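Novice: fold the following, please.
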Amino acid sequence: MQIDAAVLRAADAPFAIERLDLADPGPGEILVRIAGTGMCHTDQMGRIPGDLVAKPVVLGHEGAGVVEAVGPGVAGVTEGDHVVMSFDSCGTCADCRDGHPGFCPQMVAHNMLAAPLDGVARLTDGTGSAVHNRWFGQSSFATHALGTARNVVPVTRDLPPDALAKLGQRVEEDIRSAGSAEIPSHEIGLAILGPLGELDEVAYLRFASVYRSFESLDDFARESETLRNGGSSGEPGRSR
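Specialist: A predicted model of the protein is given here:
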């Protein structure tokens, strides 16, 4: 299919919007129509002279949008799902199996080289030349992106698509602000609560019941009422 994307062809070149051809999702892959994405300092790594990011490339790693198609073998994600995209991982190593994909030994290969592991180009320009699109498993500076079953997270379909990118960007920013390479999974859950409370009350309350401790049902009801009135409790809550 044809898509539009911001292409970086050299470290010192400007981003240029180009019409490109994106392959259909293959085994384990997911096609996402991008509703929004953030510009992060990490996306500037492609501008460092002598960097490892293959060129030309489509960057962008804070994407979110709507699933338009899924490839063979994909489970848990279906067409029409609203999703937030994140980094990719192998899914088979000990760290991935233990629920710690951030420590995947193939982290660099899956995310920071912007090159498909099987060497088969998924994105080409008008001349048929390859354009790299595996930046953090997504390359979301585009109208559409290919992700995998491991780096998309379905959220409620009631959430407006233009709010999805805000969620993805805010969560990543809150986690990075801790200044540590190793973030306990509980802290990730707490980081989700802030932006989630602004976007989706039902999803927030589901998360809150796990990641925050309420003294009583009345406390929980007050939290719900605060959200309905468009406010924020301002209380960090107590972790379990």
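Novice: in this structure, which spans are strands?
Specialist: Remark: strands assigned in the chain by DSSP state E are 2-8, 16-22, 29-36, 57-58, 64-70, 82-85, 123-124, 144-148, 152-155.
Novice: buried set for the last one?
Specialist: By neighbour count, and taking 16 or more other CB atoms under 10 Å as the criterion, the buried residues in strand 152-155 are 152-153, 155. Placement of C-beta: from N, CA and C, glycine included.
Novice: against which helices or strands is that strand packed?
Specialist: Packing partners of strand 152-155 (3 or more CB pairs under 8 Å, 6 or more residues apart in numbering; DSSP states H and E): strand 82-85.
Novice: so how many other residues sit close to the closest residue in space to residue 150 that isn't next to it in sequence?
Specialist: Closest residue in space to residue 150, ignoring its immediate chain neighbours: residue 91 at 5.0 Å, by CB to CB, 6 or more residues apart in numbering. As a burial measure, residue 91 scores 16 neighbours (other CB atoms under 10 Å).
Novice: ok, back up a step: and the strands of the chain as TSV, adding mean pLDDT and distance to residue 43?
Specialist: Below are these laid out as TSV (pLDDT from 0 to 100; distance: least, CB to CB, whole Å):
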stretch	mean pLDDT	distance to residue 43
strand 2-8	96	9
strand 16-22	96	15
strand 29-36	93	14
strand 57-58	96	10
strand 64-70	94	15
strand 82-85	87	14
strand 123-124	96	17
strand 144-148	95	14
strand 152-155	85	19
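Novice: in TSV, list the ones you listed along with distance to residue 134.
Specialist: Output for those, formatted as TSV (distance: least, CB to CB, whole Å):
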stretch	distance to residue 134
strand 2-8	13
strand 16-22	12
strand 29-36	11
strand 57-58	9
strand 64-70	17
strand 82-85	13
strand 123-124	9
strand 144-148	8
strand 152-155	14
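Novice: out of those, which comes closest to residue 48?
Specialist: Closest to residue 48 of the strands of the chain is strand 2-8 (CB to CB; 11.8 Å).
Novice: hmm, who's touching the closest one?
Specialist: Contact with strand 2-8 is made by 15-22, 46-47, 55-60, 123, 125, 131, 139, 141-144, as judged by CB atoms under 8 Å, 6 or more residues apart in numbering.
Novice: could you redo the last one with a cut-off of 6 Å?
Specialist: With contacts defined as CB atoms under 6 Å, 6 or more residues apart in numbering, strand 2-8 is touched by 15-22, 46, 56-58, 141-144.
Novice: export only the CA atoms of that strand, formatted as CSV.
Specialist: Output of strand 2-8 as CSV, limited to C-alpha atoms (Å, rounded to 0.1, in the frame of the first residue of the first chain):
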residue,chain,number,x,y,z
GLN,A,2,1.1,3.6,-0.5
ILE,A,3,1.8,5.7,2.5
ASP,A,4,3.3,9.2,3.3
ALA,A,5,6.3,9.3,5.6
ALA,A,6,8.9,11.7,6.9
VAL,A,7,12.2,10.3,5.4
LEU,A,8,15.7,11.1,6.7
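Novice: surely residue 46 is in contact with residue 55?
Specialist: No. In this structure residue 46 lies outside contact range of residue 55 using CB atoms under 6 Å: 7.4 Å.
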